[in-house]
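> need a structure here:
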Amino acid sequence: MSVRVGDLVDLLLTPPVEREHLGAEMPEPDLIATPDDSRFSEEQLAAATELLDLPADAPRRLSGLLAEARGRDPELPYLVALLAVHAASPAVGTAYRQGEQKLLFAVDDGTELDDPEFGGADLIVGTALLDAAGMAADRTEAA
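Just a heads-up that it's a prediction; the model follows:
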């Protein structure tokens, strides 16, 4: 089979053939707004965030955080517990990529939680300071 360069150029420069049928036209979806069914208010989230904004050199027991949260709002301990349990496996890499300065973490040292509403481990909750600038410099040097 022999192909001439001129034939290839003509074939490549020919506009595509219009197709008559590309399938049924898709109707526009009917989108509805979903209700805000968040259990916690913005104020409660702000209070929990403030409570968990711990100094890097002063971690606290979950039991103490729950007691303090309970004193502010009866629903707040549930949010604090949720955030603390989530902090037991922090996404360090994601925090670095997003340029976060600090990261909430929680560690189980085997102490049992003494709380009227919650059971499990009395986690040590703390804040780790991240060196995002240092990590960015390391990535630059590696490249």
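> so where is this protein shaky, pLDDT-wise?
Within the chain, the ranges that satisfy pLDDT under 70 run 1-2, 19-22, 37, 132-143.
> 80 instead?
1-6, 16-26, 33-37, 96, 132-143 (pLDDT under 80).
> for this structure, what spans make up the helices?
Under the criterion DSSP state H, helices of the chain are mapped to 5-13, 42-51, 62-72, 76-86, 92-97, 132-142.
> and among these, the most buried is which?
Per residue and on average, the most neighbours among the helices of the chain fall to helix 76-86, with a mean of 19 (mean count of other Cβ atoms under 10 Å). Heads up, the C-betas are built off the backbone N, CA and C, glycines and all.
> pull the contacting residues for L45.
The neighbourhood of L45, defined by Cβ atoms under 8 Å, 6 or more residues apart in numbering, consists of L79.
> can you do 10 Å?
Under the criterion of Cβ atoms under 10 Å, 6 or more residues apart in numbering, the contact list for L45 reads S38, L76, L79, L83.
> ok, now V125?
So, once contact is read as Cβ under 10 Å, 6+ apart, V125 ends up touching 51-52, 54, 59-62, 64-65, 80, 83-85, 87-88, 104-107.
> just to revisit the earlier point, tell me which of the helices of the chain lies nearest to T34.
Taking Cβ to Cβ as the criterion, helix 42-51 is the member of these that comes nearest to T34, at 17.1 Å.
> quick one, that closest one and helix 76-86 angle?
Taking axes from the mean of the first three to the mean of the last three Cα atoms, to 10 degrees, one finds helix 42-51 and helix 76-86 inclined to each other by 60 degrees.
> wait, L65 sits on A81?
Yes. In this structure L65 lies within contact range of A81 using Cβ atoms under 10 Å: 8.6 Å.
> common neighbours of the two, please.
In contact with both L65 and A81: A48, L123, using Cβ under 10 Å, 6+ apart.
> circling back: and of the helices of the chain, who's closest to E112?
E112 lies closest, by Cβ to Cβ, to one member of the helices of the chain: helix 62-72, at 9.6 Å.
> and the angle for the closest one with helix 42-51?
140 degrees.
> appreciated, that's everything.
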